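# the sequence and its predicted three-dimensional model are supplied below.
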Amino acid sequence: MRKAKIVATLGPSSSSAKEIENLVIAGADVFRLNFSHGTHEDHQLRYQTIRKVEQKLKKPLAILADLQGPKLRVGTFTQGSVTLKEGQSFILDSKNSLGNSQRVFLPHPELFKVVKKGQNLLIDDGKIRLKVTGSTKTEIKTEVVIGGVISNRKGVNVPDAILPIKALTAKDKVDLEFALSLGVDWVALSFVQRVEDILEAQHLIRGRAWIMSKLEKPAALKSLSEIIQASDGVMVARGDLGVELPPEKVPQAQKNIIAISKLYGRPVVVATQMLESMISTPIPTRAEASDVAHAIYDGADAVMLSAESASGKYPVEAVAMMDKIIIEVEQDPAFDKANLSDAYNLRGTFTNEADAICGALRDVSKAIKAVAIVTYTSGGYTTLRAARQRPDINIVSITPNISTARRLCMVWGVHSVIGAESTNIVEMESLAIDTCLAMGFKPKKKIAISAGIPFGKPGSTNLLKIAELKH
C-alpha cells in the first residue's frame, strides 16, 4: 500500500504485454507515452496493450500522453559542424543558407523580436553559451562565452526571456487529438511559460483528460502559483529546467514547486535522471537513490522513469528499485512527522467545506486509529482534497467512473476502486465496508468515510462518517 506513485515511460524496452505486466507487478502505476518519439501506430499499440494488462490484473492504470512542445534549433553547417572559440563573435540570422564559423541560420523569427543585449543563448543543452551583444529584426549578434563544437540542428535555449511561442505546435495539436481519441487520462503540456498556455490546452481538451503542466522554463517559475492553480497537476521537468537554470538552483526550484503544489492540492511529479545509471547497470548510484528519496521526503505525488524504462537494459529492475526506495522512506518515522507538520500548516488555507471536512477527516481517522480513509467521488474532487491533507493511512477512493479511477492513479496515497453509485448513506457505508474487507483490511477495525451529498454531484464534499468493518 505504497503512497507515492511511479510513472514509467514506455519504449523499445517495454512495449510487449509481458513487459508491461511485469512493470505493473514491480510497482508502476502510470505509463507515459512520449510523443517526442515513435509513431501514432506505436502509441496506439502500447495504449491497447496497457488496457489489456489493466483488465487482466484488475487494477486501474493511468496513461500519460507527453506532448513534444516547440523545439528551437539552429540550422545546418557547410561541413556539418564548426568549433566556436571563447571570445569570438558569432551571428544567428534569418538567412536560410548553410552556416560557418561566423554565422548560422536560426529558423525562429519570434526570437529576433524578444532577445535583448546582455541575455544568454544556450546551444546543445547548455554546452555552448553565447551572450547577446546586439540584435535586429534579422540577426542576433553574440559573443562566445563558453565555446565548443556546434553541429547541425542543435537545440537553442533562451533562459532570460518569455518567448512569444505557444506551448502547442501544429504537431502537438495533431498528437493531442490522436491521444484523446485513444482515451488517455493525462496530457503533459511542454514549454509552459504562462497561464494562457494551459487555457489554450483546456479549450482543446474539453475535459477529456487532466492537464499536467511541465515546469521546464524559468519564465514559468515567475508565475508559479497561478500556473499550478490552473493545472490539474504539474511535473518538475528537470531536463530542460536544468539547462536553463544554473544546476545549483534546480533543487530549490524543485522543493518550491512541490510545496506550492501540495498547498493547492495538485499532484506533482518529479522527473528526469532519477535512476539514470540504471539505463545500463542493474543498480543505481547512491546519489540517485538519495535523489528519489528526497523527492518522496519533500512530498512528491510521483517519481518518473524516462529512458530507464523506455530504452534501458533493466526497466523492471528500475521500477522495482524505485518501489523499494519509496517504501523505505515511507516507513521512516520522520516521514510521518513531516506529513503531520504539513497537514497542520494547511489549517489556515481552508477555503471551503471540502477542505474543512477533509482536514477533519485526517484528524478523526488518526484519533480513532482508522485503518483507511474511504472517499466517494464521481470526478475526483473529494479524493484530491483528502490527499492534500497527506494522511498517514491509505485513501481508498470509490468511484463509478473508470476515467476518474485511472486519473487518480497519479495521486499520493490513493488506491482507486470501481464501485456502484450510492443513492443514500446506508448504501455508501455498506459499499465502503465491503470494499475495505475485500482489499484485506481486518474486521472490527474502523474506517473514516467522506463523500458529497447529494451523491454524484461533483465538488460537494460535505459528509464525514465513521464505520466499523464487519461482515
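Great, that's in hand. Every value quoted in this text rests on a predicted model; they were computed, and no experiment measured them.
# the spatially closest residue to Lys369 that is not a sequence neighbour and Ala201, how far apart?
Spatially, and ignoring its direct neighbours in sequence, Lys369 is nearest to Lys446 (6.9 Å; Cβ to Cβ, 6 or more residues apart in numbering). (Glycine included, C-beta is placed from N, CA and C.) Computed as Cβ to Cβ, to the nearest Å, the Lys446 to Ala201 distance reads 42 Å.
# Thr83 too?
41 Å.
# ok, these two, which is more surrounded?
Ranked by neighbour count (other Cβ atoms under 10 Å), Thr83 and Ala201 place Ala201 first, with 24 against 10.
# and that one, which of the three is it?
helix (DSSP: H, G, I helix; E, B strand; the rest coil).
# going forward, the N-terminal residue is numbered 21.
Taking 21 as the first residue, the last one we looked at is Ala221.
# can you tell me how far Lys72 is from Ser36?
From Lys72 to Ser36 the distance is 11 Å (Cβ to Cβ).
# and what of Ile467?
Applying Cβ to Cβ to Ile467 and Ser36 gives a distance of 39 Å.
# buried set for the helix or strand that contains Thr395?
Following DSSP states H and E, the helix or strand that holds Thr395 is strand 392-396. In terms of neighbour count (16 or more other Cβ atoms under 10 Å), strand 392-396 has its buried residues at Ala392, Ile393, Val394, Thr395, Tyr396.
# now those residues in JSON lines, with distance to Val94?
Listed next are the buried residues of strand 392-396 as JSON lines, based on distance: Cβ to Cβ, whole Å:
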{"residue": "Ala392", "distance to Val94": "55"}
{"residue": "Ile393", "distance to Val94": "53"}
{"residue": "Val394", "distance to Val94": "56"}
{"residue": "Thr395", "distance to Val94": "51"}
{"residue": "Tyr396", "distance to Val94": "54"}
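# for these, which one is nearest Val212?
Thr395 (29.3 Å; Cβ to Cβ).
# so what's the closest one up against?
Thr402, Thr403, Ala406, Ile415, Val416, Ser417, Ile418, Ile469, Ser470, Ala471 (Cβ atoms under 8 Å, 6 or more residues apart in numbering).
# in CSV: those, plus pLDDT.
Below are the contacts of Thr395 laid out as CSV (pLDDT from 0 to 100):
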residue, pLDDT
Thr402, 91
Thr403, 95
Ala406, 94
Ile415, 97
Val416, 98
Ser417, 97
Ile418, 96
Ile469, 95
Ser470, 93
Ala471, 89
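# from these, which is closest to Gln139?
Thr403 (44.1 Å).
# would you confirm that the closest one contacts Gly433?
No - using Cβ atoms under 8 Å as the test, Thr403 is too far from Gly433 to be in contact (9.4 Å).
# which secondary structure element is home to the nearest residue to Lys133 once chain neighbours are set aside?
Excluding the flanking residues, the one nearest Lys133 by Cβ to Cβ, 6+ apart is Pro184, at 6.6 Å. Here Pro184, judged by DSSP H and E, is contained in no helix and no strand.
# do you know how far Pro184 is from Pro32?
Taken as Cβ to Cβ, the span from Pro184 to Pro32 is 37 Å.
# could you pull out the strands in the stretch 171-320 of the chain for me?
176-177, 206-209, 230-235, 253-257, 288-291 (DSSP state E, counting those that start in this stretch).
# who's more crowded, Ile467 and Ser36?
Ile467 (24 against 12).
# my reading is that that one lies in a helix. Confirm?
No - counting by three-state DSSP, Ile467 is not part of a helix but strand.
# which residues are in contact with it?
385, 390-394, 416, 452-453, 456, 461, 486-489.
# from Thr397, how far off is the closest residue to Ser56 other than its chain neighbours?
Distance criterion Cβ to Cβ, 6+ apart; nearest residue to Ser56, sequence neighbours excluded, is Gln88 at 4.3 Å. Separation of Gln88 from Thr397 (Cβ to Cβ): 32 Å.
# again with Ala440
Ala440 is 14 Å from Thr397, by Cβ to Cβ.
# do the same with Leu265
37 Å.
# same question for Ala199.
From Ala199 to Thr397 the distance is 24 Å (Cβ to Cβ).
# quick check: which of the strands of the stretch 171-320 of the chain is nearest to Asp195?
strand 206-209 (9.5 Å).
# could you chop the chain up by domain?
25-90+187-351, 101-177, 357-488 (automatic domain parsing).
# worst mean pLDDT among these?
Ranked by mean pLDDT, the domains of the chain bottom out at domain 357-488, with a mean of 90.
# how far does that domain sit from the chain's center?
23 Å (Cα atoms, centre = their mean, to the nearest Å).
# with stretch 338-352 instead?
18 Å.
# pull out the buried residues from it.
For stretch 338-352, by 16+ other Cβ under 10 Å, it's Ala338, Val339, Ala340, Met341, Met342, Asp343, Ile345, Ile346, Val349, Glu350.
# now do the contacts for the fifth one.
The reference is to Met342. Applying Cβ under 8 Å, 6+ apart, the residues near Met342 are Ile26, Gly47, Met294, Leu295, Val312, Val323, Leu325.
# tell me if I'm right that Gln64 and Gly203 touch.
No - using Cβ under 8 Å, Gln64 is not in contact with Gly203, being 10.7 Å away.
# now stretch 402-422: buried residues?
Buried residues in stretch 402-422 (16+ other Cβ under 10 Å): 402-420.
# do the same with stretch 215-234
Result for stretch 215-234 [16+ other Cβ under 10 Å]: buried residues Val215, Asp217, Ile218, Ala221, Ile225, Arg228, Ala229, Trp230, Ile231, Met232, Ser233, Lys234.
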